[in-house]
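S.K.: need a structure here:
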Amino acid sequence: MDDSELAWRTLGSETEYTCPGFDVVRDDVRLPDGTETEFHSVSEPPSVVVLPFTDEGDVVVIREWRQAVGRINYGLPAGGLEDADGDVRAAARRELREETGYNAGAVEEIATYEPANGLFDSVFHYVVAHGCEPAAEQDLDHNESIAVETATFEELRSRAAVGELRDGRSALAVLQYAIRAQE
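M.R.: Next comes the predicted model:
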């Protein structure tokens, strides 16, 4: 069976709910067997996830309240790309500066993933930033409460490997980087 035999045909699409950060979309679709049905998904802008290293080799990490899970999340700076960013690297620099107050030296793109493409159209661009140093105060959005600290990469890798780095975006960045370092 080739891929064209698996494809659904979109007959119509409507945004059913919009709020800051995402939309809920309903597609009217025809399945390969001819069945017509609805499919709901969440649409959001692309995001960038930053693995920021200081010159000393530590990683800048954040602790942030996450209402959806009702707890503090430990992980990496991340956020949506904005029209003014121009590209992924510019977005990474901006997000790092806003969430942590750190500026990045070199920024390298390492991977792009669709973390939950059965329900979300999310695209996460992963970058590594080197030469990060504190330069300013945080410039947080109105709905962010973030504390900044550093950790060793080995600590993050160990936490990700045993499931203690619960933020999937952060765990994937750390494990991806660890794999690349072994090559």
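
S.K.: can you map out the helices along this protein?
M.R.: Secondary structure of the chain, counting by DSSP state H: helices at 88-100, 153-161, 168-182.

S.K.: show residues contacting the shortest one.
M.R.: Outside helix 153-161, the residues that touch it by Cβ atoms under 8 Å, 6 or more residues apart in numbering are 53, 57-59, 61, 164-165, 170-171, 174-175, 177-178. Yep, even glycine has a C-beta here, placed from its N, CA and C like the rest.

S.K.: break the protein down into its domains, please.
M.R.: 3-43, 47-182 (automatic domain parsing).

S.K.: which one of those domains is the most hemmed in?
M.R.: domain 47-182 (a mean of 17; mean count of other Cβ atoms under 10 Å).

S.K.: just the terminal-to-terminal distance for it.
M.R.: One end of domain 47-182 sits 26 Å from the other (Cα to Cα, to the nearest Å).

S.K.: quick check: mean pLDDT of it?
M.R.: Domain 47-182 carries an average pLDDT of 94.

S.K.: could you measure from the residue lying farthest from the centre of the chain over to Ala178?
M.R.: Relative to the centre of the chain, the most outlying C-alpha is that of Gly34, 35.8 Å out, by Cα atoms, centre = their mean. To Ala178, Gly34 is 47 Å away according to Cβ to Cβ, to the nearest Å.

S.K.: do you know which of the helices of the chain lies nearest Glu38?
M.R.: The closest of the helices of the chain to Glu38 is helix 168-182. By Cβ to Cβ, the value is 27.5 Å.
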